[in-house]
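> I need the structure of the sequence given here:
(2 chains)
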Amino acid sequence: DGGITQSPKYLFRKEGQNVTLSCEQNLNHDAMYWYRQDPGQGLRLIYYSQIVNDFQKGDIAEGYSVSREKKESFPLTVTSAQKNPTAFYLCASSKGLAGGKNIQYFGAGTRLSVL
Amino acid sequence: AQSVTQLDSQVPVFEEAPVELRCNYSSSVSVYLFWYVQYPNQGLQLLLKYLSGSTLVESINGFEAEFNKSQTSFHLRKPSVHISDTAEYFCAVTFTDKLIFGTGTRLQVFP
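Prediction:
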């Protein structure tokens, strides 16, 4: 079945540690996104990518990094510089970049907690 | 600044009662509008969308939303809710090159 796969479902980070969240899609979508979800705050955009080897900062990129080496994959690294990483992280993809009629489809999310 | 407002953070309702979840946005340009639903510990699923054409759009599970350009609103309604409709609902609006989400409304359906 076509879709977006995020792994792991739950992740724990120690102080000073970098952790990487995986996002893979087999929808042949060009654009991919990472959002952070906190209770009562909706979804906030961390990074997005319209094409392989290119990505742009979203509204809350500080403390995060991404790569887009393959069309299917858009991993997110939460670095030690992110002082409040506990949140639910959602990956999404769309056929084209948001701004037109392109619908975003979401993975099931990764819940990150700090030990 | 462009924004999406969902005034009600929680909406409690009894089963089989009607419900309306409100969504307003601020924009002077054409937009595209979406409602997403999120069940506990899951990702977001598209519920319905307005891209063009009829201002009243419907989902397969009985929800409907009406795009009102003059009031810049896209309220979600269902005439009779079911226990299984308990979830968080997000309104989202496309502005130029971004999709902006409201803060969500938690619909709690009681038996």
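> from what I see, A:Ile4 and A:Gln104 are in contact.
No: A:Ile4 is beyond contact range of A:Gln104, at 9.9 Å (criterion: Cβ atoms under 8 Å). Every C-beta, even on glycine, is put in place using the N, C-alpha and C of the backbone.
> find the residues that touch each one of the two.
Residues touching both A:Ile4 and A:Gln104 comprise A:Ala92, A:Ser93, with contact defined as Cβ atoms under 8 Å, 6 or more residues apart in numbering or on different chains.
> now do the contacts for the most centrally placed residue in chain A.
Closest to where the C-alpha atoms of chain A average out (Cα atoms, centre = their mean) is A:Trp34, at 2.6 Å. Counting by Cβ under 8 Å, 6+ apart, A:Trp34 makes contact with A:21, A:23, A:45-48, A:58, A:64, A:66, A:74, A:76, A:89-92.
> which of the residues you listed sits closest to chain B?
A:Leu90 (5.7 Å; Cβ to the nearest Cβ).
> spell out which helix or strand contains the closest one, please.
Here A:Leu90 sits within strand A:87-94, counting by DSSP states H and E.
> for chain A, which segments count as helices?
Using DSSP state H, chain A contains no helices.
> show me the shaky parts of it.
Chain A contains residues with pLDDT under 70 at A:1-2.
> quick one: the strands in it?
A:4-7, A:10-13, A:19-25, A:31-37, A:43-51, A:54-57, A:64-66, A:76-78, A:87-94, A:105-106, A:110-114 (DSSP state E).
> looks to me like B:Ser84 is in a helix.
Yes: under DSSP: H, G, I helix; E, B strand; the rest coil, B:Ser84 falls within a helix.
> which parts of chain B sit against chain A?
Selection of chain B residues close to chain A by Cβ under 8 Å from any Cβ of the partner chain yields B:9, B:32, B:34, B:36, B:41-46, B:49, B:51-52, B:90, B:94-99, B:101-104.
> let's see it at 7 Å
B:9, B:32, B:42-44, B:46, B:49, B:51, B:90, B:94, B:96-99, B:101-104 (Cβ under 7 Å from any Cβ of the partner chain).
> cool, thanks, talk later.
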